[in-house]
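Undergrad: Model the structure of this input:
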Amino acid sequence: MAGGGQAGGHRGPTAAAAPPEATGRPEAAPAPKTPEPRGPIHRRLESRQGQSYDALLERNSDGWSLTIVQLPRQLGVGKPDLQEICPDYAAAEKTLREFVRTH
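TA: A predicted model of the protein is given here:
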């Protein structure tokens with residue numbers, strides 16, 4: 001019985017070591033953890049400095065378009081404070097957070 005127990009214990013770690021390697025590689029492939037939203041996202045945000053911003057994230061053929069304008073809009077200012085095309089939704093969210101943090 002002692003020999004059978006050792007053989008069984010010896011096989012267990014070997015068998016357990018092989019599946020994590022095999023399962024680790026396929027799990028690394030699907031990067032997006034949450035699905036990207038389908039439609040445009042509209043947000044009103046306030047920075048730490050007290051500035052209010054209106055943000056619009058829209059999906060397009062190149063990725064996600066991010067447009068940020070300060071509120072209230074100043075007369076004669078028609079240009080957004082930030083307008084950028086991001087490759088994916090996560091990059092657009094990161095750009096939005098960085099903008100609000102620094103303004």
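
Undergrad: per-residue confidence for residue 83?
TA: pLDDT recorded at residue 83 is 97.

Undergrad: Hmm, I typed the wrong one, I wanted residue 30.
TA: Residue 30 is given a pLDDT of 54.

Undergrad: Ok, the one 3 residues further on next?
TA: With respect to pLDDT, residue 33 has a value of 65.

Undergrad: Surely residue 84 is within a strand?
TA: Yes. Counting by DSSP: H, G, I helix; E, B strand; the rest coil, residue 84 is found in a strand.

Undergrad: how about it, what does it touch?
TA: By Cβ atoms under 8 Å, 6 or more residues apart in numbering, the contact set of residue 84 is 65, 66, 92, 95. Where C-beta positions appear, they are placed from N, C-alpha and C, glycine not excepted.

Undergrad: how much does the helix or strand hosting the last one deviate in direction from strand 82-86?
TA: The one in question is residue 95. Using DSSP states H and E, residue 95 maps to helix 89-102. Orientation note: helix 89-102 sits at an angle of 150 degrees relative to strand 82-86 (axes from the mean of the first three to the mean of the last three Cα atoms, to 10 degrees).

Undergrad: Going by contacts, tell me the helices and strands next to helix 89-102.
TA: Under the contact criterion of 3 or more Cβ pairs under 8 Å, 6 or more residues apart in numbering; DSSP states H and E, helix 89-102 touches strand 41-46, strand 52-60, strand 63-71, strand 82-86.

Undergrad: go with 7 Å
TA: strand 52-60, strand 63-71, strand 82-86 (3 or more Cβ pairs under 7 Å, 6 or more residues apart in numbering; DSSP states H and E).

Undergrad: What are the buried residues along it?
TA: Neighbour-count burial for helix 89-102, with 16 or more other Cβ atoms under 10 Å as criterion, is recorded at 89, 92, 93, 95, 96, 99, 100.

Undergrad: can you redo the helices and strands packed on helix 89-102 as TSV with distance to residue 46?
TA: Below are the helices and strands packed on helix 89-102 laid out as TSV (distance: least, Cβ to Cβ, whole Å):
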stretch	distance to residue 46
strand 52-60	5
strand 63-71	9
strand 82-86	16
